[in-house]
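K.L.:
what shape does this take:
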Amino acid sequence: MTFPVERIRNFCIVAHVDHGKSTLADRMLQLTNLVDERHMRAQYLDKMDIERERGITIKAQTARLPYQPLGDAGDEYLLNLIDTPGHVDFSYEVSRALNACEGAILLVDAAQGMEAQTIANLYLALEADLEIIPVLNKIDLPAARPDEVAEEMTAIIGGEPEDVLRISAKTGDGVQEVLDQIVDRVPAPKGDPDAPPRALIFDSIYESYRGTLVYFRVVDGQLRPGEKIRMLATGFEGEIDTLAVHSPEEVTIDALGVGEVGLLSAAIKEVDEARVGDTITHAGKRAKDVEPLPGYREPLATVFSGLYPVDSDDFSGLRDALDKLRLNDSSFTFEPETSAALGFGFRCGFLGLLHLEIITERLDREFGIPLVTTAPSVRYHVTLEHKFDETTGEPKVIEVSNPQDLPEPNQILHVAEPTVVVMILTPSEYVGAVMQLCEGRRGDMQAMDYLTAARVELRYRIPLGEIITDFYDQLKSLTRGYASLDYEAGGYQQADLVKVDVLLNGEPVDAFSSIQHRDNAYRFGKEMVERLKELIPRQMFDIPIQAAIGAKIIARETIKARRKDVLAKCYGGDVSRKRKLLEKQKEGKKKMKSVGSVDIPQEAFVSALKSSGPKDD
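P.N.:
As a prediction, the model looks like this:
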């Protein structure tokens, strides 16, 4: 028996990291009597340790909340909370989760105010035409500025500051009123219960015994256990084994109708077969006449990095670990690659830096494999000089994400790099410092708006490669932690890019190569050779460390040789005898340098690549 559609309310919570989204969800679970005090824990819906430690949501969660409004003796309402990831790396998953809702709670910390990430997700919610309920959280904090922050919120979404709900999710004060507002203001779902079924997938996870579990929202028709279904984008067909809802633990159910949210299993062996944004319908001939739900796109990696085991014996274990992580995350990609310096490893694609950090941290925690992670890079479009596309006759364009794959300069017509439109919210006193930072990263200003007298929104178009290392850290440092950052794809633009190689004793070390803008190449090369001079131990002969663009050396440092005192046995005597011994030593060192190889310890790789790699977000 499906729930009456007019009494269903589907909503999500849009909030910045640490603004109290998970705490508000906890209070809602308690107020609707789904979790008793004995079993309650903080961040109840966050299942992963990393989520709980970092205070972020990585995988979407759902909760089916039966609710009876205060003073209403009528029928009970069904509130479906769809908990969305908050970070910019997962903005596509956020947009799909928003499309499964009719309303959104805009939750803002009364002490910190509106953040860039909150505004970005708010724009996604407005694009999805959701009913926005503004809520101020943490009003019990001594540093709270409820009146000022309420004005910031209404300046963006409209309305009056006094209409903004004021709550404390920690104490539960005002949460009941939020639930009542959801019932009153969020519209009931729309859909045709008699049409062929259409359901939107907004997340999927993998379990060892049941395969891929699909989280979905029914748009039209009904789904029942035993029915054969088809995924329109991937073409997968199977039979529904289990149909269930989260309330908040899993409860099996005999049917789900228009507007309802649940999960199903259908012996789906690969998470690739049930992608976020795909449409579920009946299998067979009837599927041809069903129109897919709009907005689906393939997951697209934007940041690439090489993962190599510290111990080469761990290679097969690393491959198995990556396979298992891939089962839970269809947006994560990897393929084998070889480095002369690091041995066998994998080139991995990630949605962003946070995604990279989460994957490497899970590899360390869950599988115990020590890794060397190469500096992150992005995907460049390289137009070749003398090669042409067979169909169009235009110069051939290849995609390059590994610096080692960049062709020689004489083969390149031009290179285009990905850009992002960055939105930064900062207090007005730091505007000058933030503008200087953005322009130092080759940023092009798009807009500057004063939200209030004290808060400014800056928009810059910046190359993605310039912000994936330490941009966020520098922004926080310059603004004493008050600025916030969000970004979206901004297309490709041509740039004067070169490959900087690092040579040790005249031999290039592929692990340290990087694609840089020509203006930044000298600074990068100088920093890298200085860092390696400190990290590589001295040998019995001089070791030149050079940074080069093609055949041109742009920076050099020398690790001086260990020197044996060959004159120790000379007690006086003619100076020619001492000179003869020194000349003999010099010839020996020259021969050693020509035949000897430099052994780079793994610690040097880890330290050098870490210094130029991702920073904690």
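
K.L.:
residue 239: what's its closest spatial neighbour, skipping adjacent residues?
P.N.:
residue 228 (5.2 Å; CB to CB, 6 or more residues apart in numbering). In short, each C-beta sits where N, CA and C put it, glycine included.

K.L.:
any idea how far residue 196 is from that neighbour?
P.N.:
Distance, residue 228 to residue 196, using CB to CB, to the nearest Å: 13 Å.

K.L.:
surely residue 479 meets residue 426?
P.N.:
Yes. Taking CB atoms under 8 Å as the definition, residue 479 is a contact partner of residue 426 at 5.4 Å.

K.L.:
any residues in contact with both of those two?
P.N.:
Residues touching both residue 479 and residue 426 (CB atoms under 8 Å, 6 or more residues apart in numbering) are residue 434.

K.L.:
what about the helices in the stretch 351-500 of the chain?
P.N.:
Along the stretch 351-500 of the chain, counting by DSSP state H, counting those that start in this stretch, helices occupy 353-367, 431-440, 464-467, 471-478.

K.L.:
low-confidence ranges in the stretch 251-400 of the chain?
P.N.:
For the stretch 251-400 of the chain, the stretches with pLDDT under 70 are 285-287, 295-300, 328, 330, 341.

K.L.:
the strands in it, which residues?
P.N.:
261-265, 279-282, 303-309, 333-339, 343-350, 371-373, 380-388, 395-400 (DSSP state E, counting those that start in this stretch).

K.L.:
would you format those strands as JSON lines with distance to residue 179 and mean neighbour count included?
P.N.:
Converted to JSON lines, these look like this (distance: least, CB to CB, whole Å; neighbours: other CB atoms under 10 Å):
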{"stretch": "strand 261-265", "distance to residue 179": "17", "mean neighbour count": "23"}
{"stretch": "strand 279-282", "distance to residue 179": "30", "mean neighbour count": "22"}
{"stretch": "strand 303-309", "distance to residue 179": "39", "mean neighbour count": "24"}
{"stretch": "strand 333-339", "distance to residue 179": "41", "mean neighbour count": "15"}
{"stretch": "strand 343-350", "distance to residue 179": "37", "mean neighbour count": "21"}
{"stretch": "strand 371-373", "distance to residue 179": "45", "mean neighbour count": "21"}
{"stretch": "strand 380-388", "distance to residue 179": "50", "mean neighbour count": "15"}
{"stretch": "strand 395-400", "distance to residue 179": "49", "mean neighbour count": "14"}
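
K.L.:
which of the ones you listed sits closest to residue 252?
P.N.:
Proximity to residue 252 (CB to CB) singles out strand 261-265 among these, at 9.7 Å.

K.L.:
picking up where we left off before, what about residue 479 and residue 426, which has more around it?
P.N.:
Per other CB atoms under 10 Å, whichever of residue 479 and residue 426 has more neighbours is residue 426, with 23 against 20.

K.L.:
just grab the bridge partners of the more buried one for me.
P.N.:
residue 456 (DSSP bridges).

K.L.:
can you tell me which residues contact it?
P.N.:
434, 455, 456, 458, 479, 482, 483, 484.

K.L.:
I'd like those laid out as CSV, including distance to residue 28 and pLDDT.
P.N.:
Putting those into CSV (distance: CB to CB, whole Å; pLDDT from 0 to 100) gives the following:
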residue, distance to residue 28, pLDDT
434, 37, 88
455, 30, 78
456, 34, 84
458, 35, 88
479, 34, 82
482, 30, 72
483, 31, 77
484, 26, 74
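
K.L.:
which of these sits closest to residue 182?
P.N.:
Among the contacts of residue 426, residue 484 lies closest to residue 182 (CB to CB), at 26.8 Å.

K.L.:
and the closest one, how many neighbours?
P.N.:
By the measure other CB under 10 Å, the count of residues near residue 484 is 24.

K.L.:
what does residue 208 give?
P.N.:
7.

K.L.:
same check on the one 3 residues further on?
P.N.:
Number of residues near residue 211 (other CB under 10 Å) recorded here: 20.

K.L.:
show me what contacts the nearest residue to residue 349 once chain neighbours are set aside?
P.N.:
Spatially, and ignoring its direct neighbours in sequence, residue 349 is nearest to residue 301 (2.9 Å; CB to CB, 6+ apart). By CB under 8 Å, 6+ apart, the contact set of residue 301 is 331, 332, 333, 349, 350, 351, 379.

K.L.:
at 6 Å what do you get?
P.N.:
Residue 301 sits next to 333, 349, 350 when contact means CB atoms under 6 Å, 6 or more residues apart in numbering.

K.L.:
quickly list what the last one is bridged to.
P.N.:
Spelled out, it's residue 350. Bridge pairing for residue 350 - DSSP bridges - gives residue 303.

K.L.:
so it touches residue 303, yeah?
P.N.:
Yes. The pair residue 350 / residue 303 is scored as a contact, 4.8 Å apart, by CB atoms under 6 Å.

K.L.:
bridging residues for residue 373?
P.N.:
residue 307.

K.L.:
what are the contacting residues of stretch 324-339?
P.N.:
205-206, 271-272, 275, 299, 301, 322, 344, 346-349, 351, 510-511.

K.L.:
and the gap between the residue nearest to residue 349 and residue 359?
P.N.:
Computed as CB to CB, the residue 301 to residue 359 distance reads 11 Å.

K.L.:
circling back to that earlier point, give me whichever of the helices of the stretch 351-500 of the chain is most buried.
P.N.:
Per residue and on average, the most neighbours among the helices of the stretch 351-500 of the chain fall to helix 464-467, with a mean of 22 (mean count of other CB atoms under 10 Å).

K.L.:
what's residue 434 in contact with, if anything?
P.N.:
Residue 434 touches 424, 426, counting by CB under 6 Å, 6+ apart.

K.L.:
make 702 the starting number, not 1.
P.N.:
OK, 702 is where the count begins now, so the last one is residue 1135.

K.L.:
look up how far residue 1142 lies from it.
P.N.:
When distance is defined by CB to CB, residue 1135 is 11 Å away from residue 1142.

K.L.:
swap in residue 1006?
P.N.:
20 Å.

K.L.:
any idea what the closest residue to residue 1096 other than its chain neighbours is bridged to?
P.N.:
Nearest residue to residue 1096 in three dimensions, chain neighbours excluded: residue 1084, at 5.0 Å (CB to CB, 6+ apart). For residue 1084, the beta-bridge partners under DSSP bridges are residue 1098, residue 1115.

K.L.:
strands of the stretch 702-851 of the chain, start to end?
P.N.:
Assigned by DSSP E, counting those that start in this stretch, the strands in the stretch 702-851 of the chain fall at 709-715, 762-768, 778-784, 804-810, 832-838.

K.L.:
how about a markdown table for these, with distance to residue 1239, mean neighbour count and mean pLDDT added?
P.N.:
Formatted as a markdown table, the strands of the stretch 702-851 of the chain follow (distance: least, CB to CB, whole Å; neighbours: other CB atoms under 10 Å; pLDDT from 0 to 100):
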| stretch | distance to residue 1239 | mean neighbour count | mean pLDDT |
| --- | --- | --- | --- |
| strand 709-715 | 56 | 25 | 85 |
| strand 762-768 | 54 | 21 | 78 |
| strand 778-784 | 55 | 23 | 82 |
| strand 804-810 | 53 | 25 | 86 |
| strand 832-838 | 57 | 24 | 87 |
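
K.L.:
nearest to residue 1277 among these would be which one?
P.N.:
strand 804-810 (81.1 Å).

K.L.:
which strands or helices does the closest one pack on?
P.N.:
Under the contact definition 3 or more CB pairs under 6 Å, 6 or more residues apart in numbering; DSSP states H and E, strand 804-810 sits against strand 709-715, strand 832-838.

K.L.:
mind checking which of those is nearest residue 1225?
P.N.:
Here strand 709-715 is closest among the helices and strands packed on strand 804-810 (CB to CB), at 38.3 Å.
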